[in-house]
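K.L.:
Here is my input; please provide its structure:
(one chain, ligands or ions: 1)
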Amino acid sequence: MRLHFTKMEGLGNDYVYVNCFKEKVEHPSELAVRVSDRHFGIGSDGLILIKPSEVADFKMDMYNADGTQSEMCGNGIRCVGKYVYDYGLTDKTSVSIETLAGIKYLEFTFGDEEKNGRKTVELVRVNMGAPILAPEDVPVDLPDAGDIVQDYPIMVAGKEYRITCVSMGNPHCVSFVDDVDNFPLEEVGPLFENNPIFPRRVNAEFVELVSPTYAKMRVWERGTGETLACGTGTCATAVACILNGKTEDEVTVKLLGGELIIRWDRDANIIYMTGPAKVVFDGEIEV
Ligand SMILES: N[C@H](CCC[C@H](N)C(=O)O)C(=O)O
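P.N.:
Here you go, the predicted model:
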């Protein structure tokens, strides 16, 4: 069967997108593993399905490269927003997207590029909702941590890390390091991802503070490994920076793939993420 897809990326965090208004995907986990392979498949960090929704304008299902499903995907949802507008599924300049982490609300900013006679989406601002901090909701099993795991010391491979755990619908563990560019992520990332204190595994972010409004971050993603960017992980990073008094309530985070601007509206307790979304190519594959 021929499957039509669109390859898109948000700061280099690249997924294969399938428009399920037109295409039928019966085994998404298996398809995610197949298409993600960068040698025998299309090559991506995972698979994202764009579907109808009964409670929002659209629905996003996201699968990691190992076939596991995640509750939410920040770079992915920006690309879903771009897709549904640029490919003519909607004329709305702000849309709601149903996810396993609840309904997210997106607003589009347009660039000069045109498709089908109208401007295309260049930047997307996402209302990512409230950060989730209760350990049992992240989830993270640290009974003596109290009502939040913040600046909490754990030993990994003989070294102490002070972690702050945040869920954006999916679990994140944020640690501050002195030199993120030279951090041994390949070695340490999996030890966090599969650490027994995380019953559903975890996305692990390692952050170097540059100033009260700027940080650098690398991420080891649950089910995928190091990616060039992670939207939900960047939101978790900003929350950890702010909670630990290291930055202001608006933070620019530099990732390998580029920058994201995160603002935590403390009065409304809402995290806003603003960043780009791009189409790489359209294609079809025999499945
Ligand atoms: N890259 C995604 C996060 C994927 C998270 C996934 N690895 C998980 O299992 O939670 C993002 O931009 O938010």
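
K.L.:
Every contact and neighbour count from this point should use C-alpha atoms.
P.N.:
Fine.

K.L.:
Please list the residues of the stretch 51-200 of the chain that sit near the ligand.
P.N.:
Applying C-alpha under 6 Å from any ligand atom, we find that the stretch 51-200 of the chain lies next to the ligand at 64, 70, 73, 74, 75, 76, 170.

K.L.:
For the fourth one, list the residues it contacts.
P.N.:
For residue 74, the set of contacting residues under the criterion of C-alpha atoms under 8 Å, 6 or more residues apart in numbering consists of 230, 231, 232.

K.L.:
same question, the last one
P.N.:
Counting by C-alpha under 8 Å, 6+ apart, residue 170 touches 70, 71, 72, 101, 138, 202, 232.

K.L.:
Quick check: the fifth one touching residue 173?
P.N.:
No: between residue 138 and residue 173 there is no contact under C-alpha atoms under 8 Å: 9.2 Å.

K.L.:
related to what we said a few turns ago, could you flag which of the contacts of residue 170 are buried?
P.N.:
70, 71, 72, 101, 138, 202, 232 (16 or more other C-alpha atoms under 10 Å).

K.L.:
and those as CSV, adding pLDDT?
P.N.:
Below are these laid out as CSV (pLDDT from 0 to 100):
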residue, pLDDT
70, 96
71, 96
72, 96
101, 96
138, 98
202, 98
232, 98
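
K.L.:
so which pair among those is furthest apart in space?
P.N.:
Taking C-alpha to C-alpha, the two most distant members of these are 101 and 202; they sit 15.4 Å apart.

K.L.:
Tell me the secondary structure at the closest residue to residue 101 other than its chain neighbours.
P.N.:
The spatial neighbour of residue 101 that comes closest, neighbours along the chain excluded (C-alpha to C-alpha, 6 or more residues apart in numbering), is residue 169 at 4.6 Å. Following DSSP: H, G, I helix; E, B strand; the rest coil, residue 169 is assigned to coil.

K.L.:
Ok, residue 79 next?
P.N.:
Applying three-state DSSP: residue 79 is helix.

K.L.:
Mind pulling up the pLDDT for it?
P.N.:
Per-residue confidence at residue 79 stands at 98 (pLDDT).

K.L.:
Show me what the lengthiest strand in the chain is packed up against.
P.N.:
Counting residues, the longest strand found in the chain (DSSP state E) is strand 102-115. The contact analysis (3 or more C-alpha pairs under 8 Å, 6 or more residues apart in numbering; DSSP states H and E) places strand 102-115 against helix 74-86, strand 94-99, strand 118-127.
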